[in-house]
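>>> Predicted coordinates and the sequence they were generated for:
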Protein chains: 2
Amino acid sequence: MPRDLFIDGVPELLLLRLLARKEMYGYELVSEISKRSNNVFTFGEGCIYPILHRLVSQKQLSVRKETVSGRPRRYYKLTAKGNHRLSELESSWSNVSAGVTSFGKALGNVAS
Amino acid sequence: MPRDLFIDGVPELLLLRLLARKEMYGYELVSEISKRSNNVFTFGEGCIYPILHRLVSQKQLSVRKETVSGRPRRYYKLTAKGNHRLSELESSWSNVSAGVTSFGKALGNVAS
DNA sequence: TTGACATACCTCGGACCTCAAGGCGTTATC
DNA sequence: GATAACGCCTTGAGGTCCGAGGTATGTCAA
């Protein structure tokens, strides 16, 4: 079974959107994305954690460690660089999204 | 430089949309997609041809060979299966597109 | 106290897609 | 006769998602 199309980049975008509002930890992000999207997007930990680590190494996120009721958490939030990256992604998404839509309309396509 | 995000699956979708209207050949599709999208999408031959071949092997496209002024062309068009696949992709695209948008709105996000 | 379950972190490997680069051959143009 | 346009093609690199699995602690019921 081929993997879902149109997903490339979406995890990173949603993640940055959430972290732009307030700091959150990985496990929280995984469930929050599912919840907030009404299970339209259900990205597992194997998807989220590697992105988190990459963004940190790219200085787009900063980390803060905290232990809550015996369990260690890692809170992430956006750096200035991450904020800029979010803007890029939003703009890129708008571009693609509008492009696909207008391409359809020009063809007389009825979006099902 | 990382490759463009949000593109996964878009070539296949646009391609199927075009071929749902009339048969076209590979080289034509490459330039037509650029043209119709005002260069928002510029997929090269190395992107289009493999997709074409895959769709044929999956019986979603049928091929007709024709030689025009000495040059051989391969015209592709949708099969019933391909039409069904297009519906799936449209629905999947709508889903993701609406999901990303509403996810943003719920956060008070201003789409830049 | 044993087991199951939720929390919370993590990595690895496969599968898949895009795309730049290159190759081949023909026709048209200068 | 050289260069561009046409028209087909494949390969390799790079990047992404995601299922599967691993580690460890806390809670709660049987």
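Nice, thanks for sending it over.
>>> so what's A:Tyr16 closest to, chain neighbours aside?
Heads up, residue A:16 is Leu, not Tyr. A:Leu86 (4.4 Å; C-beta to C-beta, 6 or more residues apart in numbering or on different chains). For every residue, glycine as well, the C-beta is placed using N, CA and C.
>>> repeat for A:Glu45
In space, and not counting its chain neighbours, A:Glu45 is closest to A:Val30: 5.6 Å by C-beta to C-beta, 6+ apart.
>>> So for the helix or strand where A:Gly82 lies, what gets flagged as buried?
Element membership of A:Gly82, judged by DSSP states H and E, is helix A:80-106. Using 16 or more other C-beta atoms under 10 Å in any protein chain shown as the test for burial, helix A:80-106 gives A:82, A:85-86, A:89-90, A:92-93, A:96-97, A:99-100, A:103-104.
>>> now do stretch A:66-76
Neighbour-count burial for stretch A:66-76, counted by 16+ other C-beta under 10 Å, picks out A:74-76.
>>> Can I get those residues in TSV including secondary structure, distance to A:Ala20 and pLDDT?
Listed next are those as TSV, based on DSSP: H, G, I helix; E, B strand; the rest coil; distance: C-beta to C-beta, whole Å; pLDDT from 0 to 100:
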residue	secondary structure	distance to A:Ala20	pLDDT
A:Arg74	strand	18	98
A:Tyr75	strand	14	98
A:Tyr76	strand	11	98
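>>> need those in TSV with distance to DNA strand C, can you?
Below are these laid out as TSV (distance: C-beta to the nearest atom of the strand, whole Å):
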residue	distance to DNA strand C
A:Arg74	4
A:Tyr75	7
A:Tyr76	8
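>>> Between those residues, which sits nearest B:Gln60?
Taking C-beta to C-beta as the measure, A:Tyr76 is the one of the buried residues of stretch A:66-76 closest to B:Gln60, at 41.7 Å.
>>> Provide the secondary structure category for the closest residue to DNA strand D within chain A.
Residue of chain A nearest DNA strand D, by C-beta to the nearest atom of the strand: A:Gly46 (1.9 Å). Three-state call for A:Gly46 (DSSP: H, G, I helix; E, B strand; the rest coil): helix.
>>> can you check the one 3 residues further on too?
A:Tyr49 carries the three-state label helix when classified by three-state DSSP.
>>> quick one: it and A:Tyr27 touch, right?
No: counting by C-beta atoms under 8 Å, A:Tyr49 does not reach A:Tyr27; the two are 9.3 Å apart.
>>> Name the residues contacting each of those two.
With contacts defined as C-beta atoms under 8 Å, 6 or more residues apart in numbering or on different chains, no residue is shared by A:Tyr49 and A:Tyr27.
>>> Burial check on the residue nearest to A:Glu45, number of neighbours?
19 (other C-beta atoms under 10 Å in any protein chain shown).
>>> list the helices and strands the strand or helix carrying it packs on?
For A:Val30, the enclosing helix or strand under DSSP H and E is helix A:26-36. Packed against helix A:26-36 by the contact rule (3 or more C-beta pairs under 8 Å, 6 or more residues apart in numbering or on different chains; DSSP states H and E) you find helix A:10-21, helix A:45-57, strand A:71-78.
>>> Give me whichever of those is most buried.
Compared across those, helix A:10-21 shows the largest average neighbour count, a mean of 20 (mean count of other C-beta atoms under 10 Å in any protein chain shown).
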